[in-house]
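Peer 1: coordinates for the following, if possible.
(chains A, B, C and D)
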Number of protein chains: 2
Amino acid sequence: MAQAAGHSATGARLKDVAEAAGVSVATASKALNNRENVHPATRRRVLEAAERLSFTPNALAQTLHSGRSGTVGLITHDLEGRFSIPILMGAEDAFGAGKMSIFLCDARGDAIRQAHHLQALLSRRVDGLIIVGSRTDPRPPVTTDAPVPVVYVYAPSEREEDLSFVPDNVGAGRQVTEHLLSLGRRRIAHIAGDTSYAATHDRVEGIIATLADAGLELVGGKPRFGSWSESWGRAATTSLLAGDPEVDAIICGSDQIARGVLESLHGAGKEVPGDIAVASFDNWEILATGARPQLTSVDMGFTALGQRAARAIFDALAGRHDSGVHTEPCRLVVRASTIGS
Amino acid sequence: MAQAAGHSATGARLKDVAEAAGVSVATASKALNNRENVHPATRRRVLEAAERLSFTPNALAQTLHSGRSGTVGLITHDLEGRFSIPILMGAEDAFGAGKMSIFLCDARGDAIRQAHHLQALLSRRVDGLIIVGSRTDPRPPVTTDAPVPVVYVYAPSEREEDLSFVPDNVGAGRQVTEHLLSLGRRRIAHIAGDTSYAATHDRVEGIIATLADAGLELVGGKPRFGSWSESWGRAATTSLLAGDPEVDAIICGSDQIARGVLESLHGAGKEVPGDIAVASFDNWEILATGARPQLTSVDMGFTALGQRAARAIFDALAGRHDSGVHTEPCRLVVRASTIGS
DNA sequence: AAACATTCCGAAATCGTTTTCGTCCCACGG
DNA sequence: CCGTGGGACGAAAACGATTTCGGAATGTTT
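Peer 2: Coordinates of the predicted model:
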């Protein structure tokens, strides 16, 4: 039991460095932090000692003293990491390499778990919080009186005073529609996703508005709502071709739906994009580039969202507060399903 | 500049609670931590005060004093979060709700970034480290003298003294082969993934050994190596059918490959699983359940790996050290691509 | 040589918590 | 009535770093 755990040597403390260099801890601290009033020779001795002992400052003690931990918490509700990993990476980038570390916690859509993680993060004195939702519908704020800046990503907060960043789904709908129109497609159908999602309706809005600007409307008059699945894509395509065989482009609510659509079109003997062009949303690489032909898809820009969130926290920390729901532009990635070779 | 930042109220400190309750901080601490020698009435007063001020102990100060942070670091090299998120969730589960928090950092396969994250985590005094690789090939240890227990997951460390947990790819190959044999399939082919991956060869080993036990060998005599892509699945299937048209089952190196295989089989007019059964590895839900028919696939058990890693860190913290590469069993998930309705 | 300005350095306070010792007071037995 | 034991509480020392402020040593003027 009381055996030597071996790991007791938690590394050198500043005190050890100071002793090795023959100075006080105060001087050692100043030397290491490039404070003034330290003799060059002394500084050198301290630096050497620190190097020799491979000294690493205890970030906890630093935080305790300064009140800043150089840490932000990221609470996600995204079970697959589909959103959170790119957002995490974007945030890490924006925080400049090494200046900040990110605590990622998975709340799994559970309010209890979320509350627990929130309190754990705050008690570790994170300097900011990023909350990632799993859908773009507004959600209740995670707290109303956090002592640090909070930024919502993907799912905006219902509170106006809060700051949120979401992808521009309406714009995404516009972009993909304009792309198809520019290719000369005029009989465009939309096989949408789950109608309970705000993202679904935003995309529809962008699509319909763009068509209207061109004096057109959707084939069949309205979108076909269903679910975010390949099987829905297959089923919808079958019924679409039966009812409106002259369609020349299909916008799909997601890459998954598009995969089903492609399969059905292939089975029906339709050429893509020769007979019918196919485009979708999400740009989920594994699905979009695995498809045949590869899918034209709108990238939702998760990395950019993460960067925006990180910068917003930086700004808030500097006293520049912001609020409201900000939309971030998406990016159309054109592949062979719309402009075949 | 020097304007009130607004967030100065970092919450109540123990000192505030003590004053509100009319006791010393020492007594307040004892009351909150259920130490003895505190009068019940006093304890009640303290608890009420803490409640009223919504007091949250500063975990940093606690860690500084106790040396235990209740935190583990998870450094991942998995860009997509495909492995790390399930592993993270498994670890969180094993650490009992709320006892431990997990710091997730993405090193993106970059040694510099990894070193930086390592030092950041250690300086925050994590109690343990979990290192997640992106492939099962042995990798150089992240450090040789960490002051805390380190566990490698998915990619094992090259050092024998280190502790690693990896999925049992050989066993996975066995399981899927036995499944097909039990269904009466005898002419089994294997369209494998990238030959540079250790996982590829482990799976091949399991498959060939199991076939040998049954007095069989692979159709074509050996696996067909390629890449982890749908297009490879399509291409390999075409050449396979041309050379060995009597094949009655195909084991695919990944779900992605399987998707390509299914598509080619469909195009060739083969029924799945009527004419040919298809099975694969990874059980990537989005791919496996979206396929038609849905894919029988071997789940690599990431969550279980995360749990094992967490328990190992717990054990090491308790003085029970372990080492070597431990394999964790995988789980065959049977779907329609092998046992059609 | 005295007065003064410069450097350079160290003692001590601070951050918020836990824990170890005292100290105080009350009740009890002798 | 006095000594004693023990329960309740508080002062203070950790934990490891930063920062303020005062003091010592050196150098520069008259």
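Peer 1: for the rest of this, base every contact and every neighbour count on C-alpha atoms.
Peer 2: Fine.
Peer 1: residues near A:Ala111, how many?
Peer 2: The tally of other residues near A:Ala111 (other C-alpha atoms under 10 Å in any protein chain shown) stands at 12.
Peer 1: and what of A:His116?
Peer 2: A:His116 is flanked by 15 other residues according to other C-alpha under 10 Å.
Peer 1: and whichever strand or helix holds it, does that touch chain B?
Peer 2: According to DSSP states H and E, A:His116 maps onto helix A:111-123. Yes. Residues of helix A:111-123 contacting chain B under C-alpha under 8 Å from any C-alpha of the partner chain: A:His116, A:His117, A:Gln119, A:Ala120, A:Ser123.
Peer 1: packing partners for whichever helix or strand comes after that helix?
Peer 2: Sequence-wise, the next helix or strand downstream of helix A:111-123 (DSSP H and E) is strand A:128-132. If you count contacts as 3 or more C-alpha pairs under 8 Å, 6 or more residues apart in numbering or on different chains; DSSP states H and E, strand A:128-132 packs onto strand A:71-76, strand A:150-153, helix A:302-317.
Peer 1: quick one, which of those is nearest to DNA strand C?
Peer 2: Of all these, it is strand A:71-76 that lies closest to DNA strand C, at 16.6 Å by C-alpha to the nearest atom of the strand.
Peer 1: pretty sure A:Ser231 sits against B:Gly290.
Peer 2: Yes. Using C-alpha atoms under 8 Å, A:Ser231 is in contact with B:Gly290, at 7.0 Å.
Peer 1: out of the two, which sits in the more crowded spot?
Peer 2: A:Ser231 (23 against 19).
Peer 1: helix, strand, or coil at the more buried one?
Peer 2: With DSSP: H, G, I helix; E, B strand; the rest coil as the basis, A:Ser231 sits in helix.
Peer 1: tell me how far it lies from A:Asp244.
Peer 2: Distance from A:Ser231 to A:Asp244, counting by C-alpha to C-alpha, to the nearest Å: 20 Å.
Peer 1: where's the residue nearest the centre of chain A, which helix or strand?
Peer 2: By C-alpha atoms, centre = their mean, chain A has its centre lying nearest to A:Ile87, at 2.8 Å. Assigned by DSSP H and E, A:Ile87 falls within helix A:84-94.
Peer 1: is that helix positioned near chain B?
Peer 2: Yes. Using C-alpha under 8 Å from any C-alpha, helix A:84-94 reaches chain B at A:Ile85, A:Pro86, A:Met89.
Peer 1: kindly export stretch A:214-231 (C-alpha atoms) in CSV.
Peer 2: C-alpha atoms of stretch A:214-231 as CSV (Å, rounded to 0.1, in the frame of the first residue of the first chain):
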residue,chain,number,x,y,z
ALA,A,214,-35.6,33.8,-61.3
GLY,A,215,-39.3,33.5,-61.8
LEU,A,216,-39.3,29.8,-61.0
GLU,A,217,-40.6,27.5,-58.3
LEU,A,218,-39.8,24.1,-57.1
VAL,A,219,-40.8,21.1,-59.1
GLY,A,220,-44.0,19.8,-57.4
GLY,A,221,-44.6,23.2,-55.9
LYS,A,222,-43.0,22.4,-52.6
PRO,A,223,-40.2,20.5,-50.9
ARG,A,224,-40.6,16.9,-49.9
PHE,A,225,-39.9,16.6,-46.2
GLY,A,226,-38.7,13.3,-44.6
SER,A,227,-35.8,12.3,-42.5
TRP,A,228,-32.0,12.6,-42.7
SER,A,229,-31.5,9.1,-44.1
GLU,A,230,-30.5,7.4,-47.3
SER,A,231,-33.7,5.4,-47.3
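Peer 1: for it, buried residues please.
Peer 2: For stretch A:214-231, burial by neighbour count (16 or more other C-alpha atoms under 10 Å in any protein chain shown) applies to A:Glu217, A:Leu218, A:Val219, A:Pro223, A:Arg224, A:Phe225, A:Gly226, A:Ser227, A:Trp228, A:Ser229, A:Glu230, A:Ser231.
Peer 1: wasn't the first one part of a strand?
Peer 2: No. Assigned with three-state DSSP, A:Glu217 falls outside any strand and is coil.
Peer 1: so what's it closest to, chain neighbours aside?
Peer 2: Nearest residue to A:Glu217, sequence neighbours excluded (C-alpha to C-alpha, 6 or more residues apart in numbering or on different chains): A:Leu211, at 5.5 Å.
Peer 1: surely that neighbour and A:Leu218 touch.
Peer 2: Yes. Applying C-alpha under 8 Å as the test, A:Leu211 and A:Leu218 come out as touching, 7.4 Å apart.
Peer 1: what's the neighbour count on the closest residue to A:Gly67 other than its chain neighbours?
Peer 2: Among residues not flanking A:Gly67 along the chain, A:Arg125 sits closest, at 7.7 Å (C-alpha to C-alpha, 6+ apart). Residues within reach of A:Arg125, counting by other C-alpha under 10 Å, total 25.
Peer 1: cool, and A:Ile75?
Peer 2: A:Ile75 has 25 nearby residues by other C-alpha under 10 Å.
Peer 1: what sits against it?
Peer 2: A:Leu104, A:Cys105, A:Asp106, A:Ala107, A:Gln114, A:His117, A:Leu118, A:Leu129, A:Ile130, A:Ile131, A:Val132 (C-alpha atoms under 8 Å, 6 or more residues apart in numbering or on different chains).
Peer 1: flag every buried residue along stretch A:277-291.
Peer 2: A:277-284, A:287-291.
Peer 1: quick one: these as CSV, columns for secondary structure too.
Peer 2: Shown next, in CSV, are the buried residues of stretch A:277-291 (three-state DSSP):
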residue, secondary structure
A:Ala277, strand
A:Val278, strand
A:Ala279, strand
A:Ser280, strand
A:Phe281, strand
A:Asp282, strand
A:Asn283, coil
A:Trp284, coil
A:Leu287, helix
A:Ala288, helix
A:Thr289, coil
A:Gly290, coil
A:Ala291, coil
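Peer 1: need the residues of the stretch 201-341 of chain A near chain B, please.
Peer 2: Counting by C-alpha under 8 Å from any C-alpha, the stretch 201-341 of chain A sits next to chain B at A:Ser229, A:Glu230, A:Ser231, A:Gln256, A:Gly290, A:Ala291, A:Gly319.
Peer 1: list just the nearest of these to DNA strand D.
Peer 2: A:Gly319 (19.3 Å).
Peer 1: what's the pLDDT at the closest one?
Peer 2: Each residue has a pLDDT score; the one for A:Gly319 is 91.
Peer 1: do the same with the one 10 residues further on
Peer 2: Predicted confidence (pLDDT) at A:Pro329: the value is 98.
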